[in-house]
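Colleague: Kindly return the folded structure for what I paste below:
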Amino acid sequence: MTRRELLAALGAAPVLAGKTPAATPVALARCAQYDADLAEKIGLMFDQLGGLGGLVNNKTVTVKLNLTGSPGLRFQGRPLGNTHYTHPRTALAFAHLLGRAGARRIRFVESCWGTAGPLEEYLLESGWNVRALKAAAPYVLFENTNARGAHKDYARFRVPGGGTVFSGFDLHRAYDETDVFVSMAKLKQHETTGITLSMKNIFGITPASIYGDDAGVDAPNESPTKGRVLVLHEGKRQPSASAPAELNPKSSRSGGQRVPRIVAELTAARPIHISFIDGVETIAAGEGPWINGIRHVQPGVLALGTNPVSTDAVGAALMGLDPRAQFAKCANMLLLAEQMGVGSADLKQIEVRGGALSDFVYRFS
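Modeller: Numbers count the residues shown, from 1 in each chain. Take a look at the predicted model:
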């Protein structure tokens, strides 16, 4: 058993013992626009949680961006970061704060839609100033995790307790060769899972080379060009034979039942240490421009926590939703992850810092 597998197993212990996972505090802050001093605001939020230095000093930090869908798909002609993408200014603020807190290495990652090419090119196409991001800290790297890249193989992450859809996942080695894992999410709803916050963001760590519609049958396709609908959403085919197969091919083929469970399994297998949710500007009623009926909204809020379940529970509440509700069209991934011992989704147990939660609510529906 590796150190990572040991820590994951220990994380599942509360469930095995029949105990409810402990909640962790979540910091909130007002932020009306991206021109504000984001680094100062986010730095204060980290201070409210006990400080950033103790988390990242002299460590490798891997930051999972949220760049869902093609850069060519825009809503109402708005910049991608003002609707459904990670905003480049929030990434820049994070890089600055991580560098100042002593992070040894900062790696930005994403499984870019439809390509295994360099992440830097994808960011440039998305309107980012890559040069400024590189200069924000001493050692900044970029990895497209849609295939194995320069590595010889993939890292296998086992699901504590064995999982219900998959027992494990084969992922890019960037997710293994790190000390701290950060999920940078947008405050959004989702057609398949109800909400898409820091947990749903890491659904994108699965490489299309293995889990994509054009993944290799026996071995990964290292030049994938499609999404992950057939394998993960619909279960109409298996991942590449090199990775763990689905546990029960006769289980529900409904994306609303499968995807929340896969998200909970990924969150348990590859723990998130820092969850950040950007609600300065975003969209409501869906996760991207391909969803009919979405609209641009400006909640003007930021959320930060050190547990993804607790942070996302607060995120759901920020949208006016009950994090413990039985969702109408899908399983509740927060409760699924809570049952796996990842964290608590009970708002009564979560201490919100920076103000009263009710003062930050922006009802999406």
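
Colleague: only C-alpha atoms for contact and neighbour calcs from this point on.
Modeller: Will do.

Colleague: Surely Lys348 forms part of a strand?
Modeller: No - under DSSP: H, G, I helix; E, B strand; the rest coil, Lys348 falls outside any strand and is assigned helix.

Colleague: neighbours around it, how many?
Modeller: Neighbours of Lys348 under the rule other CA atoms under 10 Å: 9.

Colleague: Use 52 as the first number from now on
Modeller: Sure, I'll start counting at 52 from here, so that last one is Lys399.

Colleague: Do a quick rundown of the helices in the stretch 152-301 of the chain.
Modeller: For the stretch 152-301 of the chain, helices defined by DSSP state H, counting those that start in this stretch occupy the ranges 170-176, 181-186, 249-252, 259-262.

Colleague: ranking these by burial, who's on top?
Modeller: When you average the neighbours per residue for each of these (mean count of other CA atoms under 10 Å), helix 259-262 leads with a mean of 31.

Colleague: Would you mind measuring from Thr257 to Glu316?
Modeller: Distance, Thr257 to Glu316, using CA to CA, to the nearest Å: 12 Å.

Colleague: Show me which of these two is the more surrounded one.
Modeller: Between Thr257 and Glu316, counted using other CA under 10 Å, Glu316 has the larger neighbour count: 31 against 22.

Colleague: Assess the claim that that one and Glu389 are in contact.
Modeller: No - Glu316 lies out of contact with Glu389 (CA atoms under 8 Å); the separation is 10.9 Å.

Colleague: where does the strand or helix carrying Val360 sit relative to the chain's centre, distance-wise?
Modeller: Using DSSP states H and E, Val360 sits within helix 359-369. Distance, stretch centre to chain centre, for helix 359-369: 13 Å (CA atoms, centre = their mean, to the nearest Å).

Colleague: What is whichever helix or strand comes after that helix packed up against?
Modeller: Moving toward the C-terminus from helix 359-369, the next helix or strand (DSSP H and E) is helix 384-390. With contacts taken as 3 or more CA pairs under 8 Å, 6 or more residues apart in numbering; DSSP states H and E, helix 384-390 sits against helix 306-320, helix 359-369.

Colleague: want to try a markdown table for the helices of the stretch 152-301 of the chain, with mean pLDDT as columns?
Modeller: Output for the helices of the stretch 152-301 of the chain, formatted as a markdown table (pLDDT from 0 to 100):
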| stretch | mean pLDDT |
| --- | --- |
| helix 170-176 | 98 |
| helix 181-186 | 97 |
| helix 249-252 | 98 |
| helix 259-262 | 98 |
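
Colleague: out of the ones you listed, which comes closest to Gln99?
Modeller: The closest approach between Gln99 and any of those, judged by CA to CA, belongs to helix 249-252 at 19.4 Å.

Colleague: Which elements pack onto the closest one?
Modeller: Short answer (3+ CA pairs under 8 Å, 6+ apart): helix 249-252 packs on strand 231-237, helix 306-320, strand 325-330, helix 359-369.

Colleague: any idea of the angle the last one forms with strand 231-237?
Modeller: Using axes from the mean of the first three to the mean of the last three CA atoms, to 10 degrees, the inter-axis angle of helix 359-369 relative to strand 231-237 is 20 degrees.

Colleague: repeat for the third one
Modeller: Put simply, strand 325-330 runs at 10 degrees to strand 231-237, going by the same axes, to 10 degrees.

Colleague: In contact with the closest residue in space to Thr362 that isn't next to it in sequence: list those residues for me.
Modeller: Distances taken as CA to CA, 6 or more residues apart in numbering place Gly356 nearest to Thr362, at 5.4 Å, with adjacent residues excluded. Taking CA atoms under 8 Å, 6 or more residues apart in numbering as the contact definition, Gly356 lies against Thr75, Pro76, Val77, Ala78, Leu100, Ile325, Ser326, Phe327, Thr362.
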